[in-house]
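# Below are the sequence and a predicted model for it; my questions follow.
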Amino acid sequence: MILSDRDIKQAISEGRIVVNPPPNFEKQLGPCSLDLHLGNVMKAFKSSPYPYLDLKRKVDTEELMDEIIVSEGDPFVLQPGAFVLAVTKETFKLPDDIMGRLDGRSSLGRLGIVVHSTAARFDPGWNGKAVMELGNLGPMPVILYEGMRVCALTFETLSSPAETPYGKKATDKYASQEKPQASKINEEFTENS
């Protein structure tokens, strides 16, 4: 079941869901979601010596990306066809019986900005900043600002608490992230796979 605005406020006030910095409910709370703000750290692909990405190849994907720090309130130009990883300003922590789902804001989608091309689910037990896969599908550059509301987080209750919440297994690659991390999918490939 998706939490309503009333349930979101209650879960946050009881500390079941933790959001830092604490949200301004008047500005961020919708009927069934909580808006989050664009953080100041992004990662963009730089020119690569590789003609393609081979997922089985042991390439350090962090080396393929440049980290960009955007100062408070400063603009970031997202060019048409561009793709960057970005984080939310907020860090959030979910209990073992609630999952989160991140969606882009409709107002940005109408400009061609996609917030998540995939991976919009945050498993129970999540603790960290949300990393967004920002893309510009539109024909014009769009200026985004650090601190602007960029996405909405909805919360859903599970039928029972997760037996193994996120962050409890060694294979949970992105637990407790504070800034965008490049893909770690090549860690899934072994010599015998």
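In hand now; what should we look at?

# When you work out contacts or count neighbours from here on, use the C-alpha atoms and nothing else.
Noted.

# longest helix anywhere in this structure?
The single longest helix within the chain, with elements called by DSSP state H, is helix 5-13.

# Tell me which helix or strand comes right after it.
Scanning forward in sequence from helix 5-13 by DSSP states H and E, the next helix or strand is strand 18-20.

# Tell me which residues of the helix or strand just after that next one come out buried.
Once the chain leaves strand 18-20, the next helix or strand it forms, by DSSP H and E, is helix 25-28. By 16 or more other CA atoms under 10 Å, helix 25-28 has no buried positions at all.

# pLDDT averaged over helix 25-28 - what is it?
Averaged across helix 25-28, pLDDT comes to 97.

# related to what we said a few turns ago, so what touches the longest helix of the chain?
Residues from elsewhere that reach helix 5-13 (CA atoms under 8 Å, 6 or more residues apart in numbering): 17-19, 25, 29-33, 155.

# rerun that using 10 Å as the cut-off
2-4, 14-19, 22-23, 25, 29-34, 94-95, 154-155 (CA atoms under 10 Å, 6 or more residues apart in numbering).

# Just the buried ones from those?
Applying 16+ other CA under 10 Å to those flags 2-4, 16-19, 23, 29-30, 32-34, 94-95, 154-155 as buried.

# show me the residues around Glu156 that make contact.
By CA under 10 Å, 6+ apart, the contact set of Glu156 is 1-4, 32, 97-101, 124.

# Now tabulate these in CSV and tack on secondary structure, pLDDT and distance to Ser107.
CSV is the format used below for the contacts of Glu156 (DSSP: H, G, I helix; E, B strand; the rest coil; pLDDT from 0 to 100; distance: CA to CA, whole Å):
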residue, secondary structure, pLDDT, distance to Ser107
Met1, coil, 94, 26
Ile2, strand, 96, 22
Leu3, coil, 98, 23
Ser4, coil, 98, 21
Cys32, coil, 97, 17
Asp97, coil, 97, 31
Ile98, strand, 97, 27
Met99, strand, 96, 25
Gly100, strand, 96, 21
Arg101, strand, 95, 18
Pro124, coil, 95, 28
